[in-house]
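Chemist: quick check, what structure comes out for this input:
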Amino acid sequence: MVSLEQQQAAGGPLLDTTACAREPIHVPGSIKPHGVLLVVEPVTDVVLQAAGDTASLLAHTGSVLGKTVRALLGISFSDLRLQSETDLLREPTYLGTIAPSRGRSELTVAAHEVEDTAVVELQAASKAASAATTLASIRWITERIGLAANHLDACGLAAREIRRITGFDRVLIYQFLADDSGAVVAEEKDDRLPPFLNHRFPASDIPKQARELYRRNPIRVISDVGYTPAPLLPALSPATNEPLDMSHCVLRSVSPVHIQYLKNMGVGASMSVSLLPDGKLWGLIACHNTDKRSLPYELLEACRHVGQILSQQIQAREAFDLYRATGELAAARDNVLRALIGADDAAAAFLRLCPELLRVAGAHGVGICWKGAVVTAGQVPSETHIRGLAEWLKRQPSDRDTFATDRLSEIYREGSAFAVEASGLLSAVLPGDDPAVLMWFRAEQVEEINWAGNPHEPIEPGSRLRALSPRKSFASWRETVSNRSRLWSLADIESVRGLRPRLAFILQQQQVRQLNHLLGEANERLSALAATDGLTGVANRRAFDERLRREWARASRLGKPLALIILDLDFFKQYNDHLGHLLGDECLRRVAIVLQGEHRAYDLVARYGGEEFALLLPETSMESAIAVAEATRLRIQGLNIDHPNSTNSVVTASFGVAVAVPEMTAAPESLVRAADEALYEAKRTGRNRVVRHL
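Modeler: Next up is the predicted model:
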């Protein structure tokens, strides 16, 4: 195989614009030359592959292949691990510093596991700030990020502090968007540099396999973009007969395409820290310097930690925003459902409620096409266009419960005729022989995008392969984007997804009632009685068990979390003994009213038994479930129901919280056991508190 460098030197063929996305950058076969990489067989301590300046750093002339780590470093690899008291992981672990021979400079040592070998990376140790100074700086940054009003403020603070502690000329926070392009949401820079804040970078700048590497290896440093790669010898691992996977290597050589990209930006050194809320690549902290710049290992670890803190902040903020938005949209959805449930003729009411459906997904217009009728509200296409769109949606794969796009005309050619009214579409087709089609529309939102260079001209005519000029100019280039709407959020989509089965159920029930009205009413009353606790009006134990099995299966199928809160009224037996069962029953009813006010429409409140209640919260994280439990605890205490035998003089409750992402092999009873254990711990440690299952 001809190497990239050989193709470049030969003036090779013209650039294949898809080559960047296919380049196997995780197996470059070389490293940055300022360090040494050794692939070691851990049991025998023998070096199988090596790269880098072993003469300067290890004071060893000639090949190091076949030598032992002890012979090269004065200590075996196994002793080095024991000395550092660390286990070998898939990501590099810092093992400390060593001096390979007397009078030589100290080296930092990091190692990680690849297949059955150990990859050892050595770099010259730099003078770093004291551990106390570094920890104090990290603690201060962490506290400031935690106090930020929103995640954009947190990003701005992180950019400012990373630049302060590293000294880079520019630090920017780069967020990946839905189309994989990137937006600069925060920036701190030298005043001499042009700004990139609020600019976009096309998805091709960081292709898919590069994004995957950023996800797997959260920090990458290029101290000098003008370096000459040091080859790894031999090229194939003797252990696997394959190229070494260098995904997690700190010294991994970077693609020549990216090096040229940085040079075109006028960058002499760079560092990037991945932002990974919930393990997903949200964006990057990208640091650029005009000249060469290297950082001590301790400072790199500090930057990695700041990235982790910022990732946690972003995750928490987005989870809160999603929870709040979901609640607001669910309220609008529930208003529609309540109106339908209470209607004598649900089918007719469904069509009359079309204007109310606007708020279910925050749309500009909504249309219903059902039984030959078209009913609309707000800003919508013509009836002819709506009928044609509805027929097209019916032909889409039946396993889709919703369909969402912010650029309808790109996938539905006829959509260009009404892009002004409806560039965005969110739809649901109800099941049945004559399915109703619900369509939410968003109007065109013409957007002015500031790109860092023209994204449609990535190379100059006549450029040769790898002699890349990926936009030699990064000057601001403005583009007007039309035929697109504001994006549908996850909360929008989940709101419609939650409406679809409930709405389908209501309409199907209406059809059943029309066929046999009396029998339908009788069955409905029996069903309600069988599923409702006669004292409190909430779901009973039987309904809870059935719902738990359904939600467990659904969560297992979708890979979503399922939360369970079990609460027990404190000292309730003494309450009954002292005040009597009539007041005890009234107390249970008042607590049930509180519980019904603390949940979303698709959550379940049930009387689990005696003075115990259960709240089943689909698609809810531990943090959100704890927040619901704590709010409920305060509401119950706030009822101020006198309890002479309680330590608080009023009725209180203890809470156990458990959250799981079910596996197909697990049983729903495991979630109940976990919540029970947490509840017992809450009662054991003082009652009137919330305890999570660990």
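Chemist: contact partners for residue 339?
Modeler: Residue 339 is in contact with 349, 353, 356, counting by CB atoms under 8 Å, 6 or more residues apart in numbering. Just so you know, the C-beta spots here come from the backbone N, C-alpha and C atoms, and that holds for glycine as well.
Chemist: can I assume it sits in a helix?
Modeler: Yes - applying DSSP: H, G, I helix; E, B strand; the rest coil, one finds residue 339 inside a helix.
Chemist: just to revisit the earlier point, turn the contacts of residue 339 into CSV, columns for pLDDT.
Modeler: Shown next, in CSV, are the contacts of residue 339 (pLDDT from 0 to 100):
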residue, pLDDT
349, 79
353, 82
356, 82
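Chemist: now render these as JSON lines, adding neighbour count, distance to residue 401 and secondary structure.
Modeler: Shown next, in JSON lines, are these (neighbours: other CB atoms under 10 Å; distance: CB to CB, whole Å; DSSP: H, G, I helix; E, B strand; the rest coil):
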{"residue": "349", "neighbour count": "17", "distance to residue 401": "23", "secondary structure": "helix"}
{"residue": "353", "neighbour count": "20", "distance to residue 401": "20", "secondary structure": "coil"}
{"residue": "356", "neighbour count": "16", "distance to residue 401": "21", "secondary structure": "helix"}
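Chemist: ok, of the residues you listed, which one's closest to residue 300?
Modeler: Among the contacts of residue 339, residue 356 lies closest to residue 300 (CB to CB), at 54.9 Å.
Chemist: quick one: that closest one and residue 383, what's the gap?
Modeler: Separation of residue 356 from residue 383 (CB to CB, to the nearest Å): 20 Å.
Chemist: ok, so of the contacts of residue 339, who is nearest residue 195?
Modeler: Closest to residue 195, out of all of these and judged by CB to CB, is residue 356, at 45.3 Å.
Chemist: would you confirm that that closest one contacts residue 332?
Modeler: Yes - counting by CB atoms under 8 Å, residue 356 does reach residue 332; the two are 7.4 Å apart.
Chemist: how is this protein carved up into domains?
Modeler: Using automatic domain parsing, the domain parsing of the chain gives 342-446+484-510, 522-692.
Chemist: which parts of the stretch 551-694 of the chain are helices?
Modeler: Ranges of helices within the stretch 551-694 of the chain are 572-579, 581-596, 622-638, 669-684, based on DSSP state H, counting those that start in this stretch.
Chemist: nearest to residue 81, of those helices?
Modeler: Of all these, it is helix 622-638 that lies closest to residue 81, at 34.4 Å by CB to CB.
Chemist: quick one: that closest one to helix 581-596, angle?
Modeler: 140 degrees (axes from the mean of the first three to the mean of the last three CA atoms, to 10 degrees).
Chemist: low pLDDT regions in this structure?
Modeler: For the chain, residues meeting the criterion pLDDT under 70 lie at 1-23, 101-104, 128-132, 446-481, 513-529, 598, 664-665.
Chemist: thinking again about what came up before, reformat the domains of the chain as TSV; add distance to residue 261.
Modeler: TSV is the format used below for the domains of the chain (distance: least, CB to CB, whole Å):
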stretch	distance to residue 261
domain 342-446+484-510	27
domain 522-692	36
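Chemist: which of those domains sits closest to residue 306?
Modeler: Evaluated with CB to CB, the domains of the chain place domain 522-692 nearest to residue 306, the distance being 21.4 Å.
Chemist: residue 540 and residue 592 touch, don't they?
Modeler: No - Residue 540 lies out of contact with residue 592 (CB under 8 Å); the separation is 11.6 Å.
Chemist: what segments of the stretch 151-300 of the chain are helices?
Modeler: Per DSSP H, counting those that start in this stretch, the stretch 151-300 of the chain carries helices over the ranges 151-166, 208-216, 256-264, 297-341.
Chemist: start to end distance for stretch 229-244?
Modeler: One end of stretch 229-244 sits 15 Å from the other (CA to CA, to the nearest Å).
Chemist: and it, which residues are buried?
Modeler: For stretch 229-244, burial by neighbour count (16 or more other CB atoms under 10 Å) applies to 229-232, 237, 244.
Chemist: stretch 67-81 too?
Modeler: Residues of stretch 67-81 classed as buried: 67-69, 72-73, 75-77, 80-81 (neighbour count, 16+ other CB under 10 Å).
Chemist: same deal with stretch 91-109?
Modeler: Residues of stretch 91-109 classed as buried by neighbour count (16+ other CB under 10 Å): 92-93, 95-96, 98, 100, 107-109.
Chemist: ok, stretch 313-326 next?
Modeler: Neighbour count says stretch 313-326 has 313-317, 319, 322-323, 325-326 buried, by 16+ other CB under 10 Å.
Chemist: could I get those as a markdown table with distance to residue 501?
Modeler: Converted to a markdown table, the buried residues of stretch 313-326 look like this (distance: CB to CB, whole Å):
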| residue | distance to residue 501 |
| --- | --- |
| 313 | 35 |
| 314 | 32 |
| 315 | 29 |
| 316 | 30 |
| 317 | 30 |
| 319 | 24 |
| 322 | 21 |
| 323 | 21 |
| 325 | 20 |
| 326 | 16 |
